[in-house]
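sequence plus the predicted model coming up.
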Amino acid sequence: MCDLCMKHGAGGKWYLNSKHYSDKIAEQYNLRDFLLEQYKNFEQVSMRKVHGFNAVGLDYRLRMPVIGRIMKNIAGNMLHSTKPPSDPFKPEGHIGQVVPLEDAIAILEECAAEPIIEKNCMCRYMSRGIKEACCINFGVMSEIISKLPRFIPEKDKFHLTRKEAVDRFTAHNKKGYIGTIWFGPFPYINNLCSCENPECAGIRPRFDFGIMSIHKAEYVIQLDHNRCDDCRACIQKCPFKAIEINPLNKNVKVNLDKCYGCGVCRHVCPQDALYLCPRDTIPEVRGRY
Ligand code: SF4
Ligand code: SF4
Ligand code: SF4
């Protein structure tokens, strides 16, 4: 179990604790007004100065030895904040975890507060200028969507039944998109996303700069060498470059350190040789999220 589960999971996984989807929390933290303000100005959030640092030249400054370390600490503390959210221009308490298809289905079937919608992904819009509907939202976010027209998909039906939400998420996952679940902001859970790396503004800080913006999944992939025929289809599919060629025998192997446990590599394996195991049962990666 990761630290998020230990602190917020009530004995299980934090994202399967239905308390975090409740209307009571939304009321208590006034999240209708907070999220409306945040999403109305979404494009500006990443450009605003935070603690005196602005986003211009961010990549360069994050790589500087001292300033980079200070900025990473500030960003980490802000993302992990458990204080009541106070400033819609800061990503306070916006922390997430990679989830494989099975857990995403459990979220949609058992926890997500209705109404459920699918809205345009803002990370892809801001980084590539395309509008693609693949962020599934619950509860409060779904209620305020009518006031945020640029997030509403033009072509697709966006109010979803639970079954439709499961079907949409499954289709994204099979395409190779990474399933992610987020406190948005803590302690309310309102997004189940289907992301790509490096476009996702939540995954990239972790992958490129080591900021703990997202935890690896509660799982890690295992490869059954008795089944694998070395076709190498999974190497291309892994968004984290965790599947490699063993230089000694030229066989395919998993780099467990790099594996985020998203499970999307399984969808292309013709031999059914890839399967997920709980992270804590594999000694090399136990406790390493
Ligand atoms: S978290 Fe993922 S799906 Fe959600 S807006 Fe960002 S990239 Fe898009
Ligand atoms: S190897 Fe790990 S990180 Fe890569 S696709 Fe498979 S589960 Fe995801
Ligand atoms: S896709 Fe399956 S069979 Fe092909 S190399 Fe990967 S694990 Fe082996």
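Perfect, thanks for sending it. A quick note: this is a predicted structure, and the numbers were derived from the prediction, not measured. Numbers count the residues shown, from 1 in each chain. Ligands and ions are numbered 1, 2, ... in the order given.

how about Arg204: what's its closest non-neighbour residue?
Excluding the flanking residues, the one nearest Arg204 by C-beta to C-beta, 6 or more residues apart in numbering is Pro198, at 4.7 Å. All C-beta spots, glycine's among them, are computed from the backbone N, C-alpha and C.

what segments of the stretch 1-150 of the chain are helices?
Here the stretch 1-150 of the chain has its helices, by DSSP state H, counting those that start in this stretch, at 3-8, 23-28, 31-40, 42-45, 58-62, 65-79, 101-106, 122-128, 139-144.

name the stretch among those that sits most buried.
Stretch with highest mean neighbour count among these: helix 139-144 (a mean of 22; mean count of other C-beta atoms under 10 Å).

return the residues in contact with Glu110.
The contact partners of Glu110, by C-beta atoms under 8 Å, 6 or more residues apart in numbering, come to Leu16, Ser18.

model confidence at it, what's the number?
Per-residue pLDDT puts Glu110 at 96.

can you tell me the closest non-neighbouring residue to the single nearest residue of the stretch 1-150 of the chain relative to ligand 3?
Residue of the stretch 1-150 of the chain nearest ligand 3, by C-beta to the nearest ligand atom: Pro100 (16.2 Å). Distance criterion C-beta to C-beta, 6+ apart; nearest residue to Pro100, sequence neighbours excluded, is Gly263 at 3.6 Å.

can you pull the contacts of the one you found?
Contact criterion C-beta under 8 Å, 6+ apart gives Pro100, Leu101, Glu102, Asn173, Gly179, Ala217, Tyr219, Ile221, Leu276 as the residues in contact with Gly263.

quick one: which of those is nearest to ligand 1?
Gly179 (9.5 Å).

quick one: pLDDT of the closest one?
98.

which SS class is it?
Assigned by DSSP: H, G, I helix; E, B strand; the rest coil, the conformation of Gly179 is strand.

that one bridge partners, please.
Ser194 (DSSP bridges).

contacts only, for it.
Counting by C-beta under 8 Å, 6+ apart, Gly179 has contacts 98-101, 103-104, 169, 172-173, 192-195, 262-263.

can you pull up the most central residue in the chain?
In the chain, the centroid-proximal residue (C-alpha atoms, centre = their mean) is Thr180; its distance is 2.8 Å.

give me the residues contacting stretch 78-98.
2, 4, 14-15, 29, 31, 34-35, 37-38, 41, 44-45, 48, 50, 178-187, 193, 202, 211-218, 260-262, 289.

buried subset of those as a PyMOL selection?
Buried subset of the contacts of stretch 78-98, written as a PyMOL selection, criterion 16 or more other C-beta atoms under 10 Å:
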select buried, resi 2+4+14+15+29+31+34+35+38+45+50+178+179+180+181+182+183+184+185+186+187+193+202+211+213+214+215+216+217+218+260+261+262+289
